[in-house]
Each structure stands twice: as structure tokens, then as C-alpha cells.
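J.: The following comprises the amino acid sequence and a computationally predicted model.
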Amino acid sequence: MSAVPVPRSSPARELLDVLASMRFAITLLSVICIASVIGTVLRQSEPMGNYVNQFGPFWAEVFGKLGLYTVYSAPWFLVILTFLVLSTSLCIARNAPKILVDLKSYKEGVREQSLQAHHHKAIGELPSNPSMALAEIGNTLAAHGWKARVQRRDNGIMIAARRGAANKIGYLCAHSAIVLILIGGVLDGNAMVKLAMWAQGKQLYTGSGFVSDIRPEHRLSTGNPSFRGNVSVTEKQRQGIAVLSLPSGVVLQDLPFDIELKAFKVDYYPTGMPKSFASDIVIHDGTTRREATVKVNEPVIHKGLAIYQSSFEDGGSKLELKAMPLASTGTPVKLAGRVGTKMAFGEQTLELDGLRVINVENLANDGSSGANASGADVRKVDLGAALGKHLGSGAKSDGSKVLHNVGPSFSYKLRDAAGQAREYNNYMLPVELDGQKLFLAGVRDTPAETFRYLRMPADENGELSGWLRLRQALADTAQRDVAARRYAAAATPPNQPQLTPQLQLTAQRALTLFSGAAAKPGDEVKGGLPALSQFIERDVPEADRQRVSEVLLRILNGSLFELHQIARERAGLKPAGTDAAAQGFMTQAVLSLSDSLYYPSPTLLQLENFEQVQASVFQVARAPGQKLVYLGALLLIVGVFSMLYIKERRLWVWLVPSADPGGSQVRMAMSSTRESPDNAVMFAQLKAAVLKEPS
């Protein structure tokens, strides 16, 4: 007898089986999970320069080609999502009809002999006849939450019952949730923006400038079905264009309305961090006008567009500055400008970057004061350790915190003709550190560095004028000579007048080295205390260095005090006193004068007055997939709960007349989708209830 050939499946059928298989869906889901880990660990949509600094030019380019910087909108990621949606949809389409049929089936047609094959089974006798037993058993099953169906046969009665049918519904809910969430995520992602750009023939904008100057080929229409962008609005101004940031540039999104910012309100924690902020806005939609308040996590919805409070920034505050020359006796120059603008500043360009009205810092004194703990070095030295207890992160300090608002500060850049910029951050008011009021002027070469602060003591009037006069006098050769002569005359013992010329010469030498007048162009040591240290190490024998250092510092301090008195005389002020306050001023002045020689700008900018203007940053979104995601999340919760915590159980009871007249023989069996110890407990309870066994 020849074998019957088995028909071969078509390639289309085999492909369909693969796409609809659980193994294929799980594989795709695993790949998406791995990609999501990459997208979480690797910061997305950063400027390319950041990735070059992190990975190097070669690997940065390789990772860019793979789309790792925009994982969630990369073509390969979207292809995987598409196949996962297709695979899950095929699973639903293939199994949903079977599940729906199974929900209506109680399987009452099983053979009575098959009940013996079940793990949970029992046989017993009831004193009532099968018809009466049927009614009793039906009531018992209903009381225990079972739904039953009866089939009468010639040789007996079959009762088929079930419980936990929602387990099958959970399968459909969970798989449908995956499809809805994935589709909703794609609808609200950058893929839809790119599709809209392709459909409308738009291009990315990679330049800079004002939003209003960007041409129409970089602006999407108001009919764009899905987008999420930022709108920056200055107080008392209005804006109707959102900026959509993409990895290679931006594209503008015209809004169907304008947003006007009436007022921006912000509250702060004692640490200076924003506690809450909100914006009072007016939405101008044609001839209609709607007032609303946008708060964090409380968006305003207008015509299907959600307006979220994202952040806040400076909206172009007006700054009044005073430019003070450090080394010359020139007259200070008044400047005025707005944050975000540029202006010529000598041979450089002054860029006003920002204004901070509140600066809450930890001013706890840890007792580590001293000449070497000033933290005022503005050379290429990290001041994190020395100045961190005053201006660094409070988390780095083991001592107690004393938080104070130290007043406003402003930041700016000075950019040279080659385009190289150095960033500055200066405080408006003096800050009290270790009992001394100091003006702080910060500088850093790159944004990756921390600010290094020049700490200049305030004079008896709480101003910077006293230190600035001394700094300018130090740069004047004539005033240094007079100071050296006065010091020599005052320090010479009355019985040793022959020492005056030598003391004067030493004081002149110390002031010349300290002022940097002896330094040559290109020297790393330009003056200050490092110049004195270099002189001692180079010209003094090692055995005499300690003694000479003490003498030279004493002469320097005395000469600088005389220089301070001369500067005050020329300004028409009375001589400085010799009390503790004056001594503290001179101690800090010596350190800051030394460090000022390494300050990279010959001019110090001081903030005299300001008019703050706030700007609020809103995130405006049209998210058609949001409702799908919410529905999917709800279905996922229902589905997972149903599949994990609801078990489908089936029960069969077979009734036939027993050998005893008027009695019934009962055979029962139970099955479950998942075997667990509670199945045995439940069957024992059912057995006792149905067969009326004593508990």
C-alpha cells in the first residue's frame, strides 16, 4: 500500500506562520528592549560635538550611522516596531476567533469515560434521584461561582461548568495593548514629523538667528497631525511658532493661535531651587481671547493642543554695567545692554548671556581659613576644593550648611577676533566669607570647567573702589617708588639710618616683582606671590630661603600698606586705620592682587543695576496617539491581571441512577489552565459540597 503524500505548505503560508508565531514576537520584543536600554543610557539628540568628545571621531561617526543618537526614530527601530505590530496583530487575528468560540463553549459533550483521565476526579453516591441531584448540584455550583450547562443523554446527565473565563479575555487585552501602545508611540514621535516634512516638502534648518527670519521652507503648516515643540514667550509678548528639535537641526511649527505671556510667577525653596512656577497666559485665536494659567503638570488644552509649562529663562533683562580697568587709571565706562545681545568691547565682542537674581549658597565656615585657602587663584587651577565650601555643591561638604541668598549675578562672554570665547560670572554684591566681605568675579575657559573666582575685598564703604585704587596704584611705577621710600623711612631703626637705602631697594624690588613689571611677554609667571617664590628659589641658597621668605613678605606687606595709603591720599580720603578690619582688608588684598595678575581680562565688569524680564518656555503638543497609549495601558493592566491572577477552571459532573432505588451515582472531574496547589483545595471543597461529604 503506497503512502499518501503530505501536501507542502506554500511559502506565503510559512511566512505567515513565522510572523504570527510567539517566538518571532518575543525575539522582536527583546531587540526593542535592548535598543531601549541603549536609548536610555546614551543621551539622545545631543549636539554632535558632545558625542565626539565622549567617543572620539571614529566611533562617534559609526554610532551616528547606526542611529544610536536617535534610537526611537531610527529607521531600523521603526521597522522592528512595524514587524512587532504586524506579528502581534496576526496573533490576535489568528487566536481571537478561537477564543470567542471557546468562551461560549462549556464542552458538555465530553464522554463520561474521559473523566477518569483527569488529575482531579472523584466518585460518590447521592440518596436522591438524578433529576433531584441535578437541581441540588446546580444550586451548589452557582453558590460557588460556577456557570453550568446541562446535557441530558439516554444513559445519564452531564453537567459542564466553568469559572474564570476572563483569563482568555486577558490574552486579547494584553496583546491588543501592545499594538495600541506601539502605534500611539509612533504617532507621537519624530517619525510623524519627518513624514509631514516629506509630504509638505519642508527642510531642516541648521542655522541661527531669530525665529521670525526663518524662511517658509523650514515651517510646517498648522494642519500637521502630530508634533511636540517648545515655544519661548517673553513677558508682555506673544508668540505663535513652536520649535521642533531634531538631531540634525530644527523645523518650525506654525500654531493655529498665539500665546501671550501676561506674567510669570516662581517660588523658591530655601536652597534656591525653584519650588513651583506658573504662567498667566492669554490665547489669541482669531477674534477670540482666552485667559488661562499654565502650571507644572497642569496643562491647558485648546482645540486639541496641550500647552505644558516646561521651564523658564531670561527674556532679555536690561543690564547696567560698569567697566573698570584693572591696571590703568582710566575712567570707568558705563555700559547698557540686554541679555542675549552682543556689543563691541575694545577688540573683542561682549556677549551678555544671563542674569540670576537669586543665588543661594552654602556659606558655612569649616575653619580651613588661611593664606593658602583663599581659593582666589584665577589661573588654570581647579578651585573646587578651595572654594567648594562656599560656592560648590552642598552635597560635597561634610560640615553644617548655612544657606544665604548672596544676591544677583550675571554671566557674559568675551569673544576675540578668532572666535574663541572665555566665560565670566560676576556677583553684584559682596559676599561675606570667613568674616570678610568679598566681591567675586568668576572665569572659566570652557563650559566643561568650573568657575575660578577672583575674590576682592570690599572697602569700609562696602564697595570695590578701595581695592581697585590699590590695584591701579600697583601698576604705577611712580607710586611704587614712593611707597618703597615711605616704607624704608618708617621701617629703618632710628639708630641705623644707613639701612634706609637697602630697605628702599628691597621694597622696590619686591613691589616690582609682585606687580609683574619685571615679567617678560610669554612668561608663565607674570607676577604676584608666584614671582616672589620664583625669585627666592632661583637666587637664594636653600638654607636661607625660609628666613628670606619671611623678611621679603614682611617688606612686601608693609610696602603695599604704604601704597594703599598713597592711593587714598590721591583720592582725597583720610588715611586707613590699623584696626582688625583694615588688617583683614590688606590680608585679602595681597592675595587678590596677586591673583588679579592672572585674570585674563584687563577690565572688570560690575553689575550696577538691572531690570529683570522673564520668559516662559512652553511645550505645545498635538498628540493623537496619546489616547491610544492610555487605552493600551489600561488594557495592559487588565490583561496582565487577568492572565496572572485569574485561572480558567472547568468542571464536569456525570449523573446516572445508582444500584440503590432512588439514588444517583456521581462522577466528577476538574481541569485548570495552570496547575497549582489551590486547585486541589478547591476541588476538595467542591467534592465535599457536591457529594455532601462531612468536612
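T.: Thanks, I have the structure now. Residues are numbered from 1 along each chain as shown.
J.: Looking at the biggest helix by length in the chain now, give me its mean pLDDT.
T.: Criterion DSSP state H: the longest helix present in the chain is helix 75-104. In this model, helix 75-104 has a mean pLDDT of 87.
J.: try stretch 631-651
T.: Per-residue pLDDT over stretch 631-651 has a mean of 90.
J.: so how far is the longest helix of the chain from its chain's centroid?
T.: 36 Å (CA atoms, centre = their mean, to the nearest Å).
J.: what's downstream of that helix, the next helix or strand?
T.: The first helix or strand that comes after helix 75-104 along the chain, using DSSP states H and E, is strand 120-126.
J.: Any buried residues in that next one, and which?
T.: By neighbour count on 16 or more other CB atoms under 10 Å, the buried set for strand 120-126 is 120, 122, 126. All C-beta spots, glycine's among them, are computed from the backbone N, C-alpha and C.
J.: List the contacts of that strand.
T.: 115, 133, 136, 658, 660, 663-671, 679-680, 683, 687, 690-693 (CB atoms under 8 Å, 6 or more residues apart in numbering).
J.: Using TSV, lay out the buried residues of strand 120-126 together with pLDDT and distance to P270.
T.: Shown next, in TSV, are those (pLDDT from 0 to 100; distance: CB to CB, whole Å):
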residue	pLDDT	distance to P270
H120	92	66
A122	92	72
L126	90	78
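J.: Compile the residues you listed into TSV and extend it with columns for distance to V18.
T.: Formatted as TSV, these follow (distance: CB to CB, whole Å):
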residue	distance to V18
H120	38
A122	45
L126	53
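J.: for those, which one is nearest A199?
T.: H120 (61.4 Å; CB to CB).
J.: hey, C-alpha coordinates of the one helix or strand K627 maps to in PDB?
T.: Per DSSP H and E, K627 falls inside helix 626-645. The C-alpha coordinates for helix 626-645 follow below in PDB (Å, rounded to 0.1, in the frame of the first residue of the first chain):
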ATOM      1  CA  GLN A 626      -1.900  59.800  23.500                       C
ATOM      2  CA  LYS A 627      -5.400  58.400  23.900                       C
ATOM      3  CA  LEU A 628      -4.200  55.100  22.200                       C
ATOM      4  CA  VAL A 629      -1.400  54.900  24.700                       C
ATOM      5  CA  TYR A 630      -3.700  55.500  27.700                       C
ATOM      6  CA  LEU A 631      -6.200  52.900  26.400                       C
ATOM      7  CA  GLY A 632      -3.400  50.500  25.800                       C
ATOM      8  CA  ALA A 633      -2.000  51.000  29.300                       C
ATOM      9  CA  LEU A 634      -5.500  50.300  30.700                       C
ATOM     10  CA  LEU A 635      -5.900  47.100  28.600                       C
ATOM     11  CA  LEU A 636      -2.400  46.000  29.500                       C
ATOM     12  CA  ILE A 637      -3.200  46.300  33.200                       C
ATOM     13  CA  VAL A 638      -6.500  44.400  32.700                       C
ATOM     14  CA  GLY A 639      -4.800  41.800  30.500                       C
ATOM     15  CA  VAL A 640      -1.800  41.100  32.800                       C
ATOM     16  CA  PHE A 641      -4.000  40.900  35.900                       C
ATOM     17  CA  SER A 642      -6.400  38.600  34.100                       C
ATOM     18  CA  MET A 643      -3.700  36.200  32.900                       C
ATOM     19  CA  LEU A 644      -1.700  36.200  36.100                       C
ATOM     20  CA  TYR A 645      -4.400  36.200  38.800                       C
END
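J.: so what does it touch, helix or strand wise?
T.: helix 166-187 (3 or more CB pairs under 8 Å, 6 or more residues apart in numbering; DSSP states H and E).
J.: Give me the buried positions along the longest strand belonging to the chain.
T.: If you go by DSSP state E, the chain has its longest strand at strand 249-268. By neighbour count on 16+ other CB under 10 Å, the buried set for strand 249-268 is 250-253, 255, 257-261, 264.
J.: hang on, Q588 in a helix?
T.: Yes. Q588: assigned to a helix according to DSSP: H, G, I helix; E, B strand; the rest coil.
J.: That one - nearest residue in space that isn't next to it in sequence?
T.: P457 (4.1 Å; CB to CB, 6 or more residues apart in numbering).
J.: Over to P225?
T.: That would be P624: by CB to CB, 6+ apart, it lies 6.1 Å from P225.
J.: which SS state does the one you found fall under?
T.: Assignment for P624 (three-state DSSP): coil.
J.: Hmm, it is touching L187, no?
T.: Yes. Distance between P624 and L187: 5.4 Å, which falls inside the contact criterion (CB atoms under 8 Å).
J.: For the two, work out which one has more neighbours and name it.
T.: L187 (18 against 13; other CB atoms under 10 Å).
J.: tally of neighbours for the residue lying closest to that one once chain neighbours are set aside?
T.: In space, and not counting its chain neighbours, L187 is closest to G625: 3.2 Å by CB to CB, 6+ apart. Per other CB under 10 Å, the neighbour tally for G625 reads 21.
J.: Am I right that G625 is in contact with A191?
T.: No. At 10.8 Å, G625 does not count as touching A191 under the criterion of CB under 8 Å.
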